[in-house]
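> Below are the sequence and a predicted model for it; my questions follow.
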Amino acid sequence: PLVQESFVYDLTVTGGYRHSSYSVDNGAEFKTDTYKIEGEFAPIRDIRFRGGYNRAVRAPTLQDFFAPQRVALDGSDDPCAGFAITAADTGCIAQGLTVGQVVAANPASQYNGLIGGNANLRPEVADTWTAGVVLQPGFIPGLAISVDWFNIKVKNAIQSIGADTIVTQCTNTADPFFCSLVHRDPSGSLWRSSNGYIVDLPQNIGYASTKGIDVTGNYSRQIGGLGRMNISFVGTWLDELVTYDGITVPVDCVGYHGGLCGTPNPKWRHQLRVGLDTKLGIGVSVRWRYFDGVTQDRASSNPNL
């Protein structure tokens with residue numbers, strides 16, 4: 001605290017720092033530094049402004065490091081299957097296929113990937129910015145409202161490139177990096193035996209970021225001899241939810257769900273609860289939970305989705 005109940009009601013600054021050191025069984029070592037600076041300013045009791053910056057890290061988990069590496073179904077469409085390879089198909093030839101060869105397509109649209117842990121991973125790093133205001137008007141006892149803006153970006157994200165991205169990039173560009181990750185069995189297949197697969201282990205690659213606004217409100221009031229009424233509200237407006245695999249292009253998953261975007265990401269969502277605690281010891285409440293509609297990502301007009 002810098003000032004309390006003086007010429008301003010409150011002025012407070014908070015700081016923090018942590019240094020960590022890690023060692024991995026394969027001999028790798030790394031260190032991390034995390035820190036934060038936050039401030040709150042309340043010119044009067046009824047209103048408070050707050051904001052902060054936070055540098056955070058997430059070290060790889062034991063699962064990230066040491067999950068057993070195994071061949072399992074991991075991709076969907078093999079772009080070199082179902083037709084006779086020609087000399088123009090340089091990306092397919094770079095995967096070890098030959099002119100005239102026909103690779104059988106999987107009727108279930110699946111193929112194998114080598115998945116599991118990677119002992120060479122390093123921590124993710126995140127920068128978080130927040131700013132907000134809290135209103136507790138003295139002329140409405142029991143009411144509190146807060147609005148907070150957030151901006152979060154995770155760099156060097158621990159994620160897989162994706163089997164489909166790898167084989168597509170190799171096929172389209174014949175890039176040696178991507179083609180080195182494609183291992184076809186003696187028949188040229190990626191699914192007919194465990195000898196055919198895409199190396200799709202986690203890496204420190206790409207980033208994820210999100211921006212938006214959180215709104216919360218609470219109100220409590222005694223209703224005569226009936227009991228106490230409680231109202232609570234929490235909502236989030238999602239402005240941005242970007243993922244980048246480090247290879248293709250960033251995509252914004254606001255309003256989408258599916259294979260790339262994961263669970264539904266509505267533009268707006270909220271919960272509102274109204275309850276009454278009676279003096280008889282009986283409580284009743286009703287809750288309204290709302291999600292904006294979302295679209296399956298493959299149905300998007302965005303070619304990147």
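Arrived safely.
> which residue ends up closest to the midpoint of this protein in space?
Here the mean C-alpha position of the chain is nearest to the C-alpha of Ala208 (Cα atoms, centre = their mean), at a distance of 6.0 Å.
> so that one sits in a strand?
Yes: if the criterion is DSSP: H, G, I helix; E, B strand; the rest coil, then Ala208 is within a strand.
> tally of neighbours for the residue lying closest to it once chain neighbours are set aside?
For Ala208, the nearest residue in space outside its immediate sequence neighbours is Val154; the separation is 4.7 Å by Cβ to Cβ, 6 or more residues apart in numbering. Just so you know, the C-beta spots here come from the backbone N, C-alpha and C atoms, and that holds for glycine as well. A count of nearby residues for Val154, using other Cβ atoms under 10 Å, gives 21.
> What are the neighbouring residues in contact with the residue nearest to the centre of the chain?
Residues in contact with Ala208, defined by Cβ atoms under 8 Å, 6 or more residues apart in numbering, are Lys153, Val154, Ala157, Val242, Thr243, Tyr244.
> any idea of the pLDDT on it?
pLDDT, the model's per-residue confidence, is 94 for Ala208.
> Equivalent analysis for Arg221, please.
Predicted confidence (pLDDT) for Arg221: 94.
> correct me, but it touches Met229?
Yes: Arg221 is within contact range of Met229, at 5.4 Å (criterion: Cβ atoms under 8 Å).
> Would you mind telling me which of the two has more residues around it?
Just comparing Arg221 and Met229: by other Cβ under 10 Å the higher neighbour count belongs to Met229, 15 against 12.
> Now do that one against Arg273, distance only.
Going from Met229 to Arg273 by Cβ to Cβ, to the nearest Å gives 11 Å.
> again, but for Arg184
56 Å.
> picking that back up, which residues pair with the residue nearest to Ala208 across the strands?
For Val154, the residues forming beta bridges with it (DSSP bridges) are Ala126, Ala208.
> Counting neighbours, what do you get for Cys92?
A count of nearby residues for Cys92, using other Cβ under 10 Å, gives 28.
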